[in-house]
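Novice: Sequence and predicted structure, then a few things I'm wondering about:
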Amino acid sequence: MSGSSAARATKAFLLAAGLGTRLRPLTEETPKCLVPIRGVPLLRIWLDLCAGHGIREVLVNTHHLARAVERFARDYGGPVAIRLVHEPELLGSAGTVRANRGFVSDQESFFVIYADNLSTVDLSALRTFHGGHRGLLTVAVFRAEDSRRCGIAVLDTSNRITAFVEKPADPPSPWANAGVYLARQGLFDLLPGDGFADFGFHVLPRAAGRMYAFPVEGYHRDIGTPGSYRRAQEEWPGLPALDEVRP
């Protein structure tokens with residue numbers, strides 16, 4: 001597979017409908033995807049990162065405090081087109097992608113991003129790496145502080161993911177799922193046909209041997225707990241400067 005399929009990855013699912021229960025009471029009035037990081041809503045940070053790496057359109061799912069996300073999208077005014085899809089009942093990370101397959105029907109590869117993380121992941125480098133293998137998807141990974149709370153990937157010497165387990169009591173590897181994927185259309189064949197579906201529990205274990213890991217360089221943190229959120233406020237370096245929007 002040449003890099004051409006990856007180069008056409010200009011759309012992303014920004015999964016943003018989580019309840020943020022561990023961040024209460026902050027998330028009782030602010031959806032998790034809009035909690036501020038040094039005054040900037042988390043979703044705005046992701047949109048800026050996407051824009052800097054050539055992503056032109058995103059689909060954002062909503063559920064908890066959906067009107068706040070709608071107001072944010074209306075006032076955004078940036079270069080990325082936002083399509084909002086409301087979920088009266090949560091579909092799960094993979095369920096959202098399955099339900100909105102048409103959004104990426106014109107893409108050979110497309111991004112799936114968990115918008116409740118804070119990251120400087122280089123999406124252009126991930127795109128280049130993805131174009132160099134024939135797997136169904138590329139999974140960004142990082143070294144977590146507590147890997148028992150994460151999905152864990154086992155890698156071979158070529159960075160192929162040979163096994164994946166969600167939140168294991170005894171992690172078999174230090175490499176944790178960073179919640180950033182670049183997938184080919186063949187991924188849809190692995191998605192459950194209906195009902196709630198989660199990538200970590202229902203999809204990635206089945207994709208073992210057909211996906212590759214991209215280690216994240218730079219900053220990456222799940223801000224889902226009060227302690228992690230406080231640390232993010234202290235540590236966040238901001239997005240790297242990009243001289244121009246990348247293709």
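Specialist: Cool, the structure landed.

Novice: host element of the nearest residue in space to residue 48 that is not next to it in sequence?
Specialist: Distance criterion CB to CB, 6 or more residues apart in numbering; nearest residue to residue 48, sequence neighbours excluded, is residue 239 at 5.9 Å. All C-beta spots, glycine's among them, are computed from the backbone N, C-alpha and C. Assignment of secondary structure by DSSP states H and E places residue 239 within no helix or strand.

Novice: Now do the contacts for residue 239.
Specialist: Neighbour list for residue 239: 45, 48, 49, 52, 120 [criterion: CB atoms under 8 Å, 6 or more residues apart in numbering].

Novice: Validate this expectation: the first one resides in a helix.
Specialist: This points to residue 45. Yes: Residue 45: assigned to a helix according to DSSP: H, G, I helix; E, B strand; the rest coil.

Novice: Just give me the neighbour total for it.
Specialist: Residues lying near residue 45 (other CB atoms under 10 Å) number 20.

Novice: Please give the element, helix or strand, for residue 162.
Specialist: Going by DSSP H and E, residue 162 is in strand 161-166.

Novice: model confidence over that strand, on average?
Specialist: The average pLDDT within strand 161-166 is 94.

Novice: who does that strand touch, helix- and strand-wise?
Specialist: Secondary-structure packing of strand 161-166 (3 or more CB pairs under 8 Å, 6 or more residues apart in numbering; DSSP states H and E): strand 151-155, strand 211-215.

Novice: Tell me which of those lies nearest to residue 141.
Specialist: strand 211-215 (4.6 Å; CB to CB).
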